[in-house]
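J.: no sequence for this one, just the structure:
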Ligand code: DAL
Ligand code: ZN
């Protein structure tokens, strides 16, 4: 049938059709709004894990965004531990500094340096020990702790040595465990050769309970085993299980905690080969 032959719709039918069309439009708009809302919500900051810059106000408002569970932060986004230790806090060149680094490449300046606060260390000994006051106090505390904590009795075999004493000891330089005059830590008043009161001295410390206790605990009192067995080509000396150097609790603890065993490596200084 030709289109213009169709019977014209009554007004009532036209109104009903308009009403139905209107409702259909409203339903479609509502569905579209729901879909758009869902899509934009999924891509929002809370779902992406991006930190909110207004966390406090979000929490206060109790918005849907803050109620959405946030993913746990990944391991890679966790803040790294920051070591704030200041390696420049004290001089490593000044012979009066407890951080002074002395080795065959770094002799004392002046060569005949002598500390001005030497005291007698009140501990068991073979040769009367002199050390700087701060180091002496630390030795006393450490020896006492060895007794209290482990029933061990430590003794001093050598502490401060003057330049002229080191000249006598060094002789023709044939002993690889004796530093050249002017390059010995003993001259700083901060070094001590430790043994046991029972007569176990020097190499005996490598296997004795006293040596074992010192290796594990000396850092707590500010001391460092200065010439470790595995660092002879860093320190320039064979293993000396008896030679401890006072560097203060702060530095000793930092080196212990970060795994550094020589001052040369900790401060980034040139290694000293054994035959230097
Ligand atoms: N035994 C150490 C290296 C000194 O003589 O200072
Ligand atoms: Zn020594």
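T.: Okay, I see it. On a predicted model such as this, the values are computed, not experimentally measured, just so you know. Ligands and ions are numbered 1, 2, ... in the order given.
J.: any low-confidence regions in the stretch 51-200 of the chain?
T.: Applying pLDDT under 70 to the stretch 51-200 of the chain picks out residues 51-77.
J.: what about the helices in the stretch 51-200 of the chain?
T.: 55-61, 64-67, 133-150, 163-170 (DSSP state H, counting those that start in this stretch).
J.: would CSV of those helices with distance to residue 247 and mean neighbour count be doable?
T.: Quick note: C-beta positions are derived from backbone N, CA and C, even for glycine. Conversion of these to CSV gives the following (distance: least, Cβ to Cβ, whole Å; neighbours: other Cβ atoms under 10 Å):
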stretch, distance to residue 247, mean neighbour count
helix 55-61, 45, 11
helix 64-67, 52, 13
helix 133-150, 9, 18
helix 163-170, 20, 14
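J.: residue 127 is nearest to which of those helices?
T.: helix 163-170 (10.2 Å; Cβ to Cβ).
J.: what about the residue of the stretch 101-250 of the chain found nearest ligand 2, neighbour count?
T.: Of the residues in the stretch 101-250 of the chain, the one nearest ligand 2 is residue 243, at a distance of 3.5 Å by Cβ to the ion. Neighbours of residue 243 under the rule other Cβ atoms under 10 Å: 23.
J.: does anything pack onto the helix or strand containing it? Which helices or strands?
T.: Here residue 243 sits within strand 240-246, counting by DSSP states H and E. If contacts are counted by 3 or more Cβ pairs under 8 Å, 6 or more residues apart in numbering; DSSP states H and E, strand 240-246 sits against helix 133-150, strand 191-196, helix 209-217, strand 223-227.
J.: now do the longest one: distance to the chain's middle.
T.: So that's helix 133-150. Taking Cα atoms, centre = their mean, to the nearest Å, one finds helix 133-150 lying 25 Å from the centre of the chain it belongs to.
J.: what's it in contact with?
T.: Here helix 133-150 makes contact (Cβ atoms under 8 Å, 6 or more residues apart in numbering) with 98, 117, 119-124, 129, 131, 152-154, 156, 189-190, 192, 209-210, 213-214, 217-218, 220-223, 246, 248-249.
J.: now the angle from it to strand 223-227?
T.: Using axes from the mean of the first three to the mean of the last three Cα atoms, to 10 degrees, the direction of helix 133-150 lies 100 degrees away from that of strand 223-227.
J.: next helix or strand past the strand holding residue 243?
T.: Using DSSP H and E, the next helix or strand after strand 240-246 towards the C-terminus is helix 249-258.
J.: helices or strands up against that next one?
T.: Helix 249-258 makes packing contacts with strand 223-227 when contacts are defined by 3+ Cβ pairs under 8 Å, 6+ apart.
J.: quick check: angle from the strand it packs on to strand 191-196?
T.: Going by the same axes, to 10 degrees, strand 223-227 is angled at 90 degrees with respect to strand 191-196.
J.: tell me who's in contact with residue 190.
T.: Going by Cβ under 8 Å, 6+ apart, residue 190 touches 98, 100, 131-132, 135, 245-247.
J.: do you know how far the residue lying closest to it once chain neighbours are set aside is from residue 186?
T.: Leaving aside its chain neighbours, residue 190 sits nearest to residue 246 (4.4 Å; criterion: Cβ to Cβ, 6 or more residues apart in numbering). Separation of residue 246 from residue 186 (Cβ to Cβ, to the nearest Å): 12 Å.
J.: swap in residue 193?
T.: In terms of Cβ to Cβ, residue 193 sits 8 Å off from residue 186.
J.: again with residue 82
T.: 37 Å.
J.: who has more neighbours, the two?
T.: Set residue 82 next to residue 186 and count neighbours by other Cβ under 10 Å: residue 186 wins out with 24 against 5.
J.: who touches the nearest residue to residue 255 once chain neighbours are set aside in this structure?
T.: Leaving aside its sequence neighbours, residue 255 sits nearest to residue 266 (Cβ to Cβ, 6+ apart; 5.6 Å). Shown here is residue 266, whose contacts under the criterion Cβ under 8 Å, 6+ apart are 87, 255, 258, 260.
J.: now residue 266: phi and psi?
T.: Residue 266 has phi and psi values of phi -60, psi -40 when expressed as degrees, to the nearest 10.
J.: which residues of the stretch 101-250 of the chain lie near ligand 2?
T.: Proximity of the stretch 101-250 of the chain to ligand 2, by Cβ under 5 Å from the ion, involves residues 193, 243.
J.: what parts of the stretch 101-250 of the chain come near ligand 1?
T.: 177-179, 184-186, 237, 240, 243 (Cβ under 6 Å from any ligand atom).
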